Structures are given as structure tokens and as C-alpha cells.
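>>> coordinates only, sequence not included:
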């Protein structure tokens, strides 16, 4: 069966992350992606994981310690729009993932905002390694979700094709608004 | 680097075609996909390949005979809208590929038409095996190309989600209108 947007996002990350890489989980949430990324970067890699909610930090820490992965992760209780403050001036990021909209199976009122998402992307793009990828999984079945999706799409369409290629992967005949995947890849 | 629409179409075909399968190249053109499909189905499989132009039949035949693959292919000089006439009543098709629009690197005046494409899809869908896939690679940088793309997209959006899932895979920040991929998968 065709992979879902979420499954495909992991496939696209796996293909390019090598042991020792620095990567970002911009929306920690339940820690699912943070754990996945920690497995990929190996013992010498580093995952920066962001969330404004203490709950997310706490749940993710528990998940990571169960799997003995805490030493590979920097947990940051702050919005992802501040990610630039945590990176070295010439530090290269191989990959990043954002789950946008609401966190599936949780409170639909706690949602990401297009302004801060775009600030985060602006801060991140200069740090992205050549051949590196930013994955954006956009859930938009909530109030304001469609506007966020449109802002995101416009931002992506505006990225210069000399430096980036931007892919979308979406299912178009489903009524339940499955998430849409964007992948920004920096050209080698 | 992210695979192009054409490369990804082959990846999606490879994943599901087994030796012995029956498959379709709906737009033979230069025979590139026909040859690829013939390799996938093995000695006991069959590729039905359609084109209205004698040139296409002739070029494809040459390509196939160089690789000793002619016995796996049925070359049909007819429009793909007639494909139903060549299939057994309960014959199952595992996969099909359509290159829509103009044939890259050739005469932009010889183009596919949305009416006949949709007739072909209507004829094909009932024959598609469970888990089978139809790949549509849409080139739309020619006169009438954008309208064809829209018709195709509407057709795909209208396929019932109980029986099908339809994926699009496209690059959105490129000025040279790279082809857009649609994949129609029949649910298992």
C-alpha cells in the first residue's frame, strides 16, 4: 500500500541521515519523531527537539530514557521560531521535521501558527546542509488550518529553485483531510 | 536527491509488479516504459503497449528485440481508449503507466487528449488488481496542457475512496513545469 504522508516523511529522512548528523524535531509533541530521529543519528549525533509545552518535554524524556537515547537529544522548551539561537554560527543541520497544525489525538486548540513556522524555516534554511531535507507534515482539518496550509504552500513555492527543490506528496480523493507532506531539499 | 516524477513512477511500479503479471503501457512513445515493464514482468508476464503512431511501434520493437524482450510484449497500434477490447473479461491488470501531454523531446503537436485518457481510465479501473497501481505522468507545458491536467485531477479526486487511493507527487517551486505524477492504487 502507498505510504501515508507520515510514513513517507520518515522514509525521506532515513535516506539522508547518517550517524553523527545534527537534526531537528521542530514540534516535539508526543516525542514520536524525536525518538525516530535519535535512532537515526546514532551515538555521536544530536537531535534538537523543540516544544513550548512542559508536558511534551516530560513525555519525550520518558520515551527516550526507556530506549536509552537521552544522551543524543537536546530537549528545548521554547518555540521553534527561536531555533537559530541554539545553533552554532556555521553549524549544519542535515534534516528537520515539523508536524504542523494540531497534534493528532490531542487538543485541537493547541496549534502551530504560520508566522512562527515561517520564522523557523527562515532561520533553518541557511543552516541546512547540501542535500539536507526539511519535512513538513501539515494537518489542516482545524479552524485556520487551511489558511496555514496556503501560507506554507506560498512560502515553499517562493523558495529559489537554484538552491532548493520542494516536493509535495498528498492524497487527493479522501474526505477526511489526511495530512499533506512538503519536502524542502537543499541542492547539492 | 529527490527522485523526479518519472523516476518515482518507476519506483512505485517496481514495488508491486511480480513475474508473470499483466501490465499496460498506455502511451508507448519511444518504448522506454515498455522496455522497463517488460523487464519487470519476466518471461511469463505480458505487457500490452498502445500507440496510434506506426513510428512508435517500430521504434519500440527495435528496442525490445535488442534486449530479447519481444515475446513479453503485445504491441498494439490503436488509441489507449480501446484498451478494454484487448483484455479478457475477467483479466486482471497489475499496473499501467500513461505519459500524458506531449512526448518529451518530440513534436509538441502530437498530444494526448483528456477525453480519450478518461475513457481509457474508465475501461482500465475495473480490470485493476487489488493493490494494483495506475501511474499517470502529466506533462502540461503545452497549449491545452493545463486544462488536461485539471480534467485529470478532477477525475482522480472523484474516484471513490472506498476502492481507491490517489496520490499526487509534484515539485512546486520550479519554473519549467516539471511533470506531475498521479498514482491511483486499488485498495486491497
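Nice, I can see it. The model shown is predicted, which means the values in this text are computed figures rather than measured ones.
>>> I figured residue A:14 hits residue A:37, correct?
No: Residue A:14 is beyond contact range of residue A:37, at 10.1 Å (criterion: CB atoms under 8 Å). C-betas here are computed from N, CA, C, even on glycine.
>>> who has more neighbours out of these two?
residue A:37 (27 against 12; other CB atoms under 10 Å in any protein chain shown).
>>> scan chain A for its longest strand.
Counting by DSSP state E, the longest strand found in chain A is strand A:128-138.
>>> in its sheet, what does that one sit against?
According to DSSP bridges, strand A:128-138 has the following sheet partners: strand A:93-100 (parallel), strand A:180-186 (antiparallel).
>>> now that strand: buried residues?
Neighbour-count burial for strand A:128-138 flags A:128-129, A:132-138 (criterion: 16 or more other CB atoms under 10 Å in any protein chain shown).
>>> max pairwise distance over these: which two?
A:129 and A:138 (23.3 Å; CB to CB).
>>> can you pull the residues of chain A lying near chain B?
Contact residues, chain A versus chain B (CB under 8 Å from any CB of the partner chain): A:1-2, A:12, A:131, A:153, A:156-161, A:164-175, A:183, A:185, A:187-188.
>>> tell me which of the strands paired with strand A:128-138 sits most buried.
strand A:93-100 (a mean of 25; mean count of other CB atoms under 10 Å in any protein chain shown).
>>> what does that strand rub up against?
Identification of contacts with strand A:93-100 by CB atoms under 8 Å, 6 or more residues apart in numbering or on different chains yields A:9, A:13, A:16-18, A:21-27, A:29, A:33, A:37, A:80, A:87, A:112, A:117, A:120, A:124, A:127-129, A:132-139, A:148, A:152.
>>> for the residue sitting nearest the centre point of chain A, list each beta-bridge partner.
Most central in chain A under CA atoms, centre = their mean is residue A:97, positioned 1.5 Å from the mean C-alpha point. Beta-bridge pairing for residue A:97 (DSSP bridges): residue A:25, residue A:135.
>>> for chain B, see how far away it is.
16 Å (CB to the nearest CB, to the nearest Å).
>>> before we move on, what about residue A:71?
For residue A:71 relative to chain B (CB to the nearest CB), the value is 32 Å.
>>> give me the number of residues near the closest residue to that residue other than its chain neighbours?
With sequence-adjacent residues excluded and distances taken as CB to CB, 6 or more residues apart in numbering or on different chains, residue A:71 is closest to residue A:43, at 7.6 Å. When neighbours are defined as other CB under 10 Å, residue A:43 has 10 of them.
>>> my guess is residue A:43 contacts residue A:73. True?
No: under the criterion of CB under 8 Å, residue A:43 is not in contact with residue A:73, lying 11.8 Å apart.
>>> hmm, back to that, as TSV, the strands paired with strand A:128-138 with mean pLDDT would be great.
Formatted as TSV, the strands paired with strand A:128-138 follow (pLDDT from 0 to 100):
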stretch	mean pLDDT
strand A:93-100	97
strand A:180-186	98
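>>> between those, which one is closest to residue B:57.
Closest among those, once you apply CB to CB, is strand A:180-186, at 39.0 Å.
>>> show me the contacts for residue A:169.
Counting by CB under 8 Å, 6+ apart, residue A:169 has contacts A:5, A:8, A:180-181, A:183, B:167-169.
>>> quick check: closest non-adjacent residue to residue A:130.
residue A:188 (4.7 Å).
>>> could you point out which element follows the longest strand of chain A?
helix A:145-157 (DSSP states H and E).
>>> what is the orientation angle of that following helix with strand A:180-186?
Per axes from the mean of the first three to the mean of the last three CA atoms, to 10 degrees, the angle that helix A:145-157 makes with strand A:180-186 is 20 degrees.
>>> what packs against helix A:145-157?
Under the contact criterion of 3 or more CB pairs under 8 Å, 6 or more residues apart in numbering or on different chains; DSSP states H and E, helix A:145-157 touches helix A:114-124, strand A:128-138, strand A:164-171, strand A:180-186.
>>> tell me how far it is from the chain's mean position?
Chain-centre distance of helix A:145-157: 15 Å, with CA atoms, centre = their mean, to the nearest Å.
>>> okay, residue A:52 and chain B: tell me how far apart.
Taken as CB to the nearest CB, the span from residue A:52 to chain B is 29 Å.
>>> how about residue A:89?
Taking CB to the nearest CB as the measure, residue A:89 falls 27 Å from chain B.
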